[in-house]
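Engineer: got a predicted model here, sequence first, then my questions.
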Amino acid sequence: MQKKIIEIFGKENVLFNKDELIIYGDVKFICFPYNIEQIFKIVRLANKYNLKIFSRGGGSYKKEITSDIVLDFAKFNHILDTNINDKNVMVQSGVVINHLNKYLKRLGYYFPIIPYSYEISTVGGIVATNAISAANDLLLKDYIEEIEIVDGSGKHYKTKDQELIGSFGQLAIITQVKLKIKKLEDYKINNKYKISTFQENKNKEKFDPNGVLC
Ligand SMILES: Cc1cc2nc3c(=O)[nH]c(=O)nc-3n(C[C@H](O)[C@H](O)[C@H](O)COP(=O)(O)OP(=O)(O)OC[C@H]3O[C@@H](n4cnc5c(N)ncnc54)[C@H](O)[C@@H]3O)c2cc1C
């Protein structure tokens, strides 16, 4: 099995030594996909040999994993397309929310669903857990235009099915998401957890996740 998995991902993208696996939990292989073909192939291999796959984003939600194979999306983290006219961005599921917002900030935009764990949480992770934004009362479902998935049979397709939001990776592997973005000038602090002075709030009118999450 080890040989087959290395053939798919390359030796540098697979962990299988016990001491490397221990931080993930009770798992046999950690694989770092960087293209979609690798995800089809591993799903088909897992089907053939009846192996369990777990998708891991930033790891902020689930610490101890029990699975044969973990797909760690740390290298599946590219911003693929930014469409300012339609106010959306297409990203791979391993993109970290903080990285996305740093990128969008330079264009005068931001993605408004910002969990406390924004520095490590990924797009795939927030979709799979239906993350609550700590910065405002906006709902994730209103900021998702389309989701691309690989299902358990290895089929890859686009969908708008909202059942994937909050499915905890049980329905499919999320590979890409088209997210709606907002203009930075529309950014308003709506801090649910701290009552700030008027002056403090005025100072935070510029986008600054660290300022939001005081
Ligand atoms: C300090 C801290 C603060 C937090 N603050 C918030 C908060 O403000 N709001 C909130 O809602 N949550 C919060 N959480 C919980 C957690 O951070 C969120 O649920 C976050 O969205 C998980 O993202 P992740 O990338 O870390 O996912 P992970 O922890 O890696 O995975 C979470 C779940 O999503 C699945 N998953 C991950 N990627 C994929 C994929 N590509 N395809 C299919 N399934 C996938 C996993 O299998 C797992 O079931 C916090 C956690 C911590 C530790």
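Structural biologist: Sure, I can see it. Residues are numbered from 1 along each chain as shown.

Engineer: the strand or helix carrying residue 102 and the ligand, are they touching?
Structural biologist: Residue 102 belongs to helix 97-107 when assigned by DSSP states H and E. No: on the criterion C-beta under 6 Å from any ligand atom, helix 97-107 is out of touch with the ligand, staying 8.3 Å away. (C-beta placed from N, C-alpha, C; glycine too.)

Engineer: what's the answer for stretch 8-27, then?
Structural biologist: No: using C-beta under 6 Å from any ligand atom, stretch 8-27 stays clear of the ligand, with a minimum separation of 10.6 Å.

Engineer: name the residues that touch that stretch?
Structural biologist: For stretch 8-27, the surrounding residues in contact (C-beta atoms under 8 Å, 6 or more residues apart in numbering) are 2, 5-6, 28-34, 38, 41-42, 45, 54, 56, 63-70, 75.

Engineer: next up, the contacts around the residue of the chain found nearest the ligand.
Structural biologist: With C-beta to the nearest ligand atom as the measure, residue 125 is the residue of the chain nearest to the ligand, at 2.1 Å. When the contact criterion is C-beta under 8 Å, 6+ apart, the partners of residue 125 are 57, 58, 60, 61, 131.

Engineer: would you turn these into CSV with secondary structure?
Structural biologist: What follows is the contacts of residue 125, written out as CSV (DSSP: H, G, I helix; E, B strand; the rest coil):
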residue, secondary structure
57, coil
58, coil
60, coil
61, coil
131, coil
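
Engineer: which residues of the protein lie near the ligand?
Structural biologist: For the chain, the contact set with the ligand under C-beta under 6 Å from any ligand atom comprises 54-62, 73, 93, 115-117, 120-122, 124-126, 128-129, 131-132, 134, 168-169, 173-174.

Engineer: looks to me like the residue of the chain closest to the ligand is in a helix.
Structural biologist: Yes: applying three-state DSSP, one finds residue 125 inside a helix.

Engineer: contacting residues for the residue nearest to residue 40 when sequence neighbours are not counted?
Structural biologist: Spatial nearest neighbour of residue 40, chain neighbours left out: residue 154 (5.0 Å); criterion: C-beta to C-beta, 6 or more residues apart in numbering. Residue 154 makes contacts with 40, 41, 43, 44, 47, as judged by C-beta under 8 Å, 6+ apart.
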